[in-house]
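Novice: quick one, what's the 3D model for this:
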Amino acid sequence: MKTRTLLTLIMLCFASTSLAVEQPGLIKVDRPDSPSLVGYVPGEIIVQFKMPGEKILPKAKLRAKHISLSIQSLDAIAEKFEVTAIRQEFQGAKPRTIKGRVYDLSRHYLVKFDAALGLDEVLAAYRANPNVESAEPIGVHSVNIVPNDPFFNQQWHLDRLDDHDVDAPEAWNIQTGNSDIIVAILDTGVRYFHKDLGGANASFATPGASRGNMWINTAELNGVAGVDDDGNGFIDDQIGWDFVTGLTGCWPGEDCATADNDPRDFNGHGTHLAGIVAAGTNDGFGVSGVAGGFNAGVLPVTGNGVRIMALRIGWSANSFGQEAGFVRMDFAAQALVYAANQGAHIANASWGSSNSGGISAALDFFVASGGLFFKAAGNDGTQNTDFLTARADVIAVAATDTVDRKANFSTFGSWVDISAPGTNILSTYHDHNVPASDFVAFISGTSMATPLAAGVASLIWSQNPTWTAAQVQAQLFSSADNIDAFLNPAHVGLMGAGRVNAFNAVNTGPVAPVADFSASPTSGNSPLAVSFTDLSTGTPTSWAWTFGDGATSTLQNPSHTYSAAGTFTVALTATNAQGSNTNTKVGFITVTAPPAPAADFSATPTSGN
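Specialist: Next up, the predicted model:
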């Protein structure tokens, strides 16, 4: 067992819940399927046009009081609803092909119009237009926090005598975190200069110094100030990005005016999540992160844990006289695309969601780019899912208490994928009333359970850096402790695969392979010679191919010639001592008949005696 010395403790009580919040100026809606939805942003929507992005902006110009695209039907909408601005949602986006599918985020645009006009009417007008693929509102959601117990004075979720914890010290004997693994925190920002995260050297004034466990964009850090050195559409994004812009009615002192390269946290929520994942472990200060590395016993944090990418999408505002946190779906979508493009392995979302603001397209892109997306189940104690947790490619996380029972506040259901401790979780914190202090705090919620699960996944990836997202997810689920029948008889099958266990997760030997392959070419006239390439992971020792026309092979990288026309399904079974896996690609090879011969001839001579 490891013990930790708690140097600074701030005990706070968060009275807000996902149901009792109000943000002035929002369009209120009744959405029982998304209880954290506060409302929709007035005067702004996300429109996905059918034409490529590069054909939209060059046409945009101000005409009278509205923006014209020189397309009559769209200009009529712009004039009717006084559209004053159209800008690309995902900066610098271009069509990309990932695993055979084209993701064109360049066609998503933020459209601003007269906020006094009806949101539903504007959405209907764009959705009915033949030049528009889709039109979405922009949801604003509350962050998931609930009251906490201020007298609980240790990180029980990492190490507990009765073993209702994630067995972190046991896991640290095997793996403490790999700085090549990046976890994006999409939240209210991160106090990246907190002594237990990045330290004083994380400030922009200290070029070349260690930034602890914070992700750093080295191209911008070592580049020219005021220049987009890496060409990603963001200038000087050395330590992440602040996507929050154009807001009013924020809490006094909060930064809500302009998107910029400083994703620091005002609210405190995002800093708490970051510390759960990667606060410096064994640095003689504050708290331990589940994947925070293992330091030399003193500050500063040396940066051998997983990296935290700070992406600010949330802010503090007044809710019935109290400070509460909010996020916007368009900010979240933009941050998710940024995370994918900058190589994040994991993204953490500890907030409510709706199908708005481009979040669905952004998540498609992130997952296709090879990332794992963790999402808080919510804190309303019901079985209601929201938009993101209902998706099969999202890891929905419920919360357990100190004895492995469902936390009384935690949302649950058959759609939950995994559980993690979420009550009285002690982690790094920022109190904007004392800006110079590096605090720690107890907070409860599925907000806290989510980065704990994401942190365990980052340990798995640290231990197995060549694994795919699917392999990491499978290991996370299969290594969880069963908490169903005995501890949660009323919630059997409703808390996911179990409660995460870091030791089981990284205590891995050889694994069964995951089959995958490519081919070239995949279409053409018969006879068509195709070369197949094995892309399987997990070190298979034997291969079994079926080519769809009756032929087979046991070579690792075979070639095969298709003699007849048709569409052929190809399957590969990869095997090693730990097991087998089959990948079947339906209609993978298309062979067409060669064109009929065209008769022609010549003769010499064509006349004579």
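
Novice: please identify the helix or strand for Arg211.
Specialist: Taking DSSP states H and E as the definition, Arg211 sits outside all helices and strands.

Novice: could I get the full set of helices for the stretch 301-450 of the chain?
Specialist: Secondary structure of the stretch 301-450 of the chain, counting by DSSP state H, counting those that start in this stretch: helices at 329-341, 359-368, 446-463.

Novice: with the stretch 501-609 of the chain instead?
Specialist: So, for the stretch 501-609 of the chain - with DSSP H, counting those that start in this stretch - the helices run 502-506.

Novice: what residue ranges in it score low on pLDDT?
Specialist: Flagging of the stretch 501-609 of the chain using pLDDT under 70 yields the residue ranges 509-511, 609.

Novice: please identify the most buried of the helices of the stretch 301-450 of the chain.
Specialist: Most buried of those by mean neighbour count (mean count of other C-beta atoms under 10 Å) is helix 446-463; its value is a mean of 30. To be clear about C-beta, it is placed using only N, CA and C from the backbone, and glycine gets the same treatment.

Novice: how far does the very next helix or strand once past that one sit from its chain's centre?
Specialist: Downstream of helix 446-463, the next assigned helix or strand under DSSP H and E is helix 469-478. Relative to its chain's centre, helix 469-478 lies at 16 Å (C-alpha atoms, centre = their mean, to the nearest Å).

Novice: what's helix 469-478 in contact with?
Specialist: Residues from elsewhere that reach helix 469-478, judged by C-beta atoms under 8 Å, 6 or more residues apart in numbering: 345, 367, 370-372, 395, 417-418, 453, 456-457, 460-461, 464, 467, 496-498, 500, 505, 508, 511, 514, 537-538.

Novice: could you dump it to PDB, C-alpha only?
Specialist: Coordinates of each C-alpha in helix 469-478 appear next as PDB, following Å, rounded to 0.1, in the frame of the first residue of the first chain:
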ATOM      1  CA  ALA A 469      -8.300   1.600 -29.800                       C
ATOM      2  CA  ALA A 470     -10.500  -1.500 -30.100                       C
ATOM      3  CA  GLN A 471      -7.800  -3.600 -28.300                       C
ATOM      4  CA  VAL A 472      -7.500  -1.000 -25.500                       C
ATOM      5  CA  GLN A 473     -11.300  -0.900 -25.100                       C
ATOM      6  CA  ALA A 474     -11.600  -4.700 -25.000                       C
ATOM      7  CA  GLN A 475      -8.900  -4.900 -22.300                       C
ATOM      8  CA  LEU A 476     -10.500  -2.200 -20.200                       C
ATOM      9  CA  PHE A 477     -13.800  -4.000 -20.200                       C
ATOM     10  CA  SER A 478     -12.500  -7.500 -19.700                       C
END
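
Novice: can you count the residues close to Asn261?
Specialist: Neighbour count of Asn261, defined by other C-beta atoms under 10 Å: 16.

Novice: what subset of the contacts of helix 469-478 is buried?
Specialist: 345, 367, 371-372, 395, 417-418, 453, 456-457, 460-461, 464, 467, 496-498, 500, 505, 508, 511, 514, 537-538 (16 or more other C-beta atoms under 10 Å).

Novice: which stretches of the stretch 151-300 of the chain form helices?
Specialist: Counting by DSSP H, counting those that start in this stretch, the helices of the stretch 151-300 of the chain are 168-172, 218-221, 269-278.

Novice: can you pull out the strands in the stretch 301-450 of the chain?
Specialist: Applying DSSP state E, counting those that start in this stretch to the stretch 301-450 of the chain gives strands spanning 307-312, 314-319, 322-328, 346-349, 372-376, 395-400, 418-421, 425-429, 439-443.

Novice: rank the ones you listed by pLDDT, which is bottom?
Specialist: Ranked by mean pLDDT, the strands of the stretch 301-450 of the chain end with strand 439-443 at the bottom, a mean of 90.

Novice: what's it packed up against?
Specialist: helix 269-278, strand 425-429 (3 or more C-beta pairs under 8 Å, 6 or more residues apart in numbering; DSSP states H and E).

Novice: so which of those is the most surrounded?
Specialist: Taking mean count of other C-beta under 10 Å, helix 269-278 is the most buried of those, at a mean of 33.

Novice: I figured Leu487 hits Arg405, correct?
Specialist: Yes - checked against C-beta atoms under 8 Å, the pair Leu487 and Arg405 is within contact range at 5.5 Å.

Novice: overlap in contacts, the two.
Specialist: When C-beta under 8 Å, 6+ apart defines a contact, no residue borders Leu487 and Arg405 alike.

Novice: which regions of the chain lie under the pLDDT threshold?
Specialist: Along the chain, the parts satisfying pLDDT under 70 run over 1-25, 27-35, 57-59, 62-64, 144-154, 204-208, 509-511, 609.

Novice: quick one: the residue minimising distance to the centre of it from Thr450, how far?
Specialist: Note on the chain: the residue nearest the mean C-alpha position is Ala347, at 3.3 Å, using C-alpha atoms, centre = their mean. Distance check for Ala347 against Thr450: by C-beta to C-beta, to the nearest Å, it reads 10 Å.

Novice: who touches both of those two?
Specialist: The contact sets of Ala347 and Thr450 overlap at Phe374 (C-beta under 8 Å, 6+ apart).

Novice: what's the burial count for the closest residue to Phe547 other than its chain neighbours?
Specialist: Counting by C-beta to C-beta, 6 or more residues apart in numbering, His560 is the residue found nearest to Phe547 once chain neighbours are left out, at 5.0 Å. Neighbourhood size, His560 [other C-beta under 10 Å]: 21.

Novice: His560 contacts Gly550, doesn't it?
Specialist: No - here His560 does not reach Gly550: they are 10.9 Å apart, not a contact under C-beta under 8 Å.

Novice: still on that earlier bit, out of the helices and strands packed on strand 439-443, nearest to Gly357?
Specialist: helix 269-278 (18.7 Å; C-beta to C-beta).

Novice: pretty sure Val301 contacts Asn282?
Specialist: No - using C-beta under 8 Å, Val301 is not in contact with Asn282; the gap is 9.8 Å.

Novice: need the overlap of contacts for those two.
Specialist: Common neighbours of Val301 and Asn282 (criterion: C-beta under 8 Å, 6+ apart): Asn295.

Novice: show me what contacts the nearest residue to Glu220 once chain neighbours are set aside?
Specialist: Excluding the flanking residues, the one nearest Glu220 by C-beta to C-beta, 6+ apart is Gln238, at 4.7 Å. Residues in contact with Gln238 (C-beta under 8 Å, 6+ apart) are Phe204, Ile216, Asn217, Glu220, Leu221, Asn261.

Novice: distance check, the last one against His141.
Specialist: Asn261 sits 25 Å away from His141, going by C-beta to C-beta.

Novice: adding distance to Ser134, write the helices of the stretch 301-450 of the chain out as TSV.
Specialist: Output for the helices of the stretch 301-450 of the chain, formatted as TSV (distance: least, C-beta to C-beta, whole Å):
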stretch	distance to Ser134
helix 329-341	13
helix 359-368	9
helix 446-463	28
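
Novice: the ones you listed: which one's closest to Lys50?
Specialist: The closest of the helices of the stretch 301-450 of the chain to Lys50 is helix 359-368. By C-beta to C-beta, the value is 13.9 Å.
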